[in-house]
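> okay, structure incoming, though there's no sequence with it:
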């Protein structure tokens, strides 16, 4: 799940409150490349009686494609993990400058301040650029911003500041993380290449595969479970919640979970109370 610490619509406190209203008892806050929302989320979780698993959705690349890893620290975030987050923070600022530069070459002129208005002054992501493009009148809506300028393969899809996936897995594990490959169905890959991605992730030392991401059909889930088992990975799942809307299921709106999914509180033998 994501909060305003990255590209979510709700503050960490409001997100935890929303999760509690939905009946959730255990969640992971995994903002993109940052731990900035975790302190606030921890306070809210304690007040609401929710188990909060601390994490980060970590950006990296594989064969030129941007890949996301869900890194979780169920026993607590380490100093090494904070150092990695600082590297990602710097990379995001470099990426933002590069996106502005590349858009300008296409006569799309944005200033960094135009984008920071939507990121709350934090490192901006592509959704914040989409907001700025809509506001400046270059596109009519977010979907058009991604189709024309920011989506995969478009001029604003800048990846070259992320580390390679194999290095990312190695360093995250060395920092104490449990590392899962996020939403494998969401990357624009052929079936063969997606299978290769999963194999490469496992060979690099990856531990989990997200077999359910938000709402998906049962056949997709069963297919991913087979790939997970063949690669020797364990199952993870999540809503990937950013904001309420038809394209983003609310927390707790999962597809049917296969028996292979074991809650992290059980997998890591966490205590009953947060």
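Perfect, thanks for sending it. What you see is a predicted model, and the numbers here were worked out from it, not measured in a lab.
> buried residues in stretch 183-198?
For stretch 183-198, burial by neighbour count (16 or more other Cβ atoms under 10 Å) applies to 183, 184, 185, 187, 189, 194, 195, 197, 198. To be clear about C-beta, it is placed using only N, CA and C from the backbone, and glycine gets the same treatment.
> excluding covalently adjacent residues, which one is nearest to residue 117?
With Cβ to Cβ, 6 or more residues apart in numbering as the criterion, residue 117 has its nearest non-adjacent residue at 7.3 Å, and that residue is residue 132.
> the one you found: what secondary structure?
What DSSP: H, G, I helix; E, B strand; the rest coil gives for residue 132 is helix.
> phi, psi of residue 178?
Main-chain torsions, residue 178, degrees, to the nearest 10: phi -90, psi 120.
> surely it is in contact with residue 207?
Yes. If you go by Cβ atoms under 8 Å, residue 178 and residue 207 touch, sitting 5.6 Å apart.
> compare the two and say which is more crowded by neighbours.
Higher neighbour count among residue 178 and residue 207: residue 178, with 22 against 19, using other Cβ atoms under 10 Å.
> now the more buried one: how far from residue 137?
Relative to residue 137, residue 178 is positioned 44 Å away (Cβ to Cβ, to the nearest Å).
> where does the residue sitting nearest the centre point of the chain land in three-state SS?
The centroid of the chain falls nearest to residue 57 when counting by Cα atoms, centre = their mean (3.7 Å). Three-state call for residue 57 (three-state DSSP): strand.
> next one: the nearest residue to it once chain neighbours are set aside from residue 217, what distance?
Computed as Cβ to Cβ, 6+ apart, the closest residue to residue 57 that is not its neighbour in sequence is residue 30, at 4.5 Å. Relative to residue 217, residue 30 is positioned 24 Å away (criterion: Cβ to Cβ).
> which one of the two has more residues nearby?
Relative neighbour count places residue 30 above the other of residue 30 and residue 217, with 28 against 10, counting by other Cβ under 10 Å.
> the more buried one touches residue 68, doesn't it?
No. Judged on Cβ under 8 Å, residue 30 makes no contact with residue 68 at a distance of 9.2 Å.
> so what sits against both of these two?
residue 57 (Cβ atoms under 8 Å, 6 or more residues apart in numbering).
> rewinding a little: which pair of the buried residues of stretch 183-198 spans the longest distance?
Within the buried residues of stretch 183-198, two members stand farthest from each other by Cβ to Cβ: 183 and 195, at 15.3 Å.
> who are the packing partners of the longest helix along the chain?
Longest helix of the chain, by residue count under DSSP state H: helix 79-105. The elements that helix 79-105 packs onto, with contact taken as 3 or more Cβ pairs under 8 Å, 6 or more residues apart in numbering; DSSP states H and E, are strand 51-62, helix 112-119, helix 126-135, helix 165-174.
> the helix or strand just after the last one pairs with which strands, parallel or anti?
Moving toward the C-terminus from helix 165-174, the first helix or strand encountered (DSSP states H and E) is strand 178-181. According to DSSP bridges, the neighbouring strands of strand 178-181, each with its direction, are strand 65-73 (antiparallel), strand 208-213 (parallel).
> who touches the first one?
Just to be clear, that refers to strand 65-73. Here strand 65-73 makes contact (Cβ under 8 Å, 6+ apart) with 28, 30, 32, 53-61, 81, 152, 157, 159, 162, 165, 168-169, 172, 176-183, 187-189, 197, 206, 208, 210, 236, 238, 264.
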